[in-house]
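**Q** Predicted model and sequence below, questions to follow.
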Amino acid sequence: MSITISSITAAKRKRHTTYNRLKKQVHLLLDPSDGGTIWDKVVNSVIVALILLNLLAVCLETVESLYREYGVWFRNFELFSVLVFSVEYLLRVWSCTSMRKYRHPVRGRLRYVTSPGMLVDLAAILPFYLPLSGLDLRSLRLLRMIRFMRFFKLARFLNASRVIRRVFASKRNELLISMLMVLTLIILAASLMYFVEHDAQPDKFSSIPETMWWSVATLTTVGYGDVYPVTGIGKTLTACISILGIGMFALPAGILASGFSEEFKKRETASATCCPHCGKEIHHG
């Protein structure tokens with residue numbers, strides 16, 4: 001009797017181990033940052049290609065002649081894509097408990113589905129399912145544009161997106177300060193130009209908020225030409241503000257360039273201290 005119970009327990013333990021191993025393998029296949037096999041790359045390449053084809057299809061659908069001729073193909077491709085993305089979403093939710101921070105079967109999955117990446121994945125398939133709920137289709141036409149959220153799914157599969165996130169995170173304070181400086185310059189330029197040009201052009205420079213349109217267009221060197229100064233002082237002030245704008249708006253670009261340079265140096269240093277075959281850190285001595 002005890003042998004039978006032990007056999008049953010061992011069989012259950014074996015099934016549980018196999019189940020967890022399968023769950024872990026599914027997670028590694030769907031998450032390129034954790035996996036490292038050829039199959040991970042194949043699965044992720046297929047999903048990336050499908051995302052890009054979806055973006056192309058959304059754009060081509062707006063061409064009436066193409067949609068009239070190939071509308072059935074567009075709809076079938078949309079159905080196929082939603083099916084693949086839905087299966088991917090469900091597999092992610094199912095396998096997320098293989099990660100330590102989402103280990104709890106209920107709370108862990110709730111935390112996982114409310115993470116930014118999973119919210120993007122949900123938004124990518126949501127426009128297809130909402131009309132099936134019986135809601136007014138006319139009020140849901142704009143939801144088709146949410147399909148462009150599939151573009152942001154690429155961030156999950158591209159290593160470059162993780163580099164960009166780390167750069168923005170490391171330089172967030174510098175970027176915040178530079179943006180505050182730019183905002184201050186916009187308000188200051190708009191205020192000065194309002195007092196200089198209001199009497200000459202009360203319709204164009206009617207208030208400081210209205211003048212901010214000119215300020216942004218000038219500081220960014222866009223210069224649409226719909227609003228421009230006519231007085232001598234206004235033209236002189238515009239020249240000075242334009243020169244300041246070139247340097248001020250180049251400041252965030254310089255900060256990001258510095259951040260990318262630092263990140264690439266860190267990656268080079270890390271790769272130099274890791275084994276090129278197994279990826280583990282090399283310890284000297």
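**A** Right, received. Where do you want to start? None of these values were measured; they are calculated from a predicted model.

**Q** quick one: secondary structure of residue 226?
**A** In terms of secondary structure, residue 226 is coil; the call rests on DSSP: H, G, I helix; E, B strand; the rest coil.

**Q** low-confidence ranges in the stretch 51-200 of the chain?
**A** Within the stretch 51-200 of the chain, the set of residues satisfying pLDDT under 70 comprises 131-161.

**Q** How about the secondary structure of residue 204?
**A** Residue 204 ends up coil, using three-state DSSP.

**Q** Look up phi and psi at the closest residue to it other than its chain neighbours.
**A** In space, not counting the residues next to it along the chain, residue 204 is nearest to residue 227; the distance is 5.0 Å by C-beta to C-beta, 6 or more residues apart in numbering. C-betas here are computed from N, CA, C, even on glycine. Per-residue torsions, residue 227: phi -130, psi 120 (degrees, to the nearest 10).

**Q** What of residue 223?
**A** Residue 223 has phi and psi values of phi 60, psi 70 when expressed as degrees, to the nearest 10.

**Q** which residues does it contact?
**A** Applying C-beta atoms under 8 Å, 6 or more residues apart in numbering to residue 223 gives the contacts residue 217.

**Q** Next one: it from residue 217, what distance?
**A** Distance of residue 223 to residue 217, computed by C-beta to C-beta, to the nearest Å: 6 Å.

**Q** cool, and residue 168?
**A** Counting by C-beta to C-beta, the gap between residue 168 and residue 217 amounts to 26 Å.

**Q** Give me the more crowded residue out of those two.
**A** Counting neighbours by other C-beta atoms under 10 Å for residue 168 and for residue 217 shows that residue 217 has the greater number, 17 against 12.

**Q** Give me the three-state assignment for the more buried one.
**A** Three states are possible here, and by three-state DSSP the one that applies to residue 217 is helix.

**Q** Could I get the pLDDT score of it?
**A** As summarised for this prediction, residue 217 has a pLDDT of 86.

**Q** In this structure it contacts residue 227, no?
**A** Yes: shown here, residue 217 and residue 227 form a contact pair, counting by C-beta atoms under 8 Å, at 7.3 Å.

**Q** what do these two both touch?
**A** Among the neighbours of residue 217, none is also in contact with residue 227 (C-beta under 8 Å, 6+ apart).
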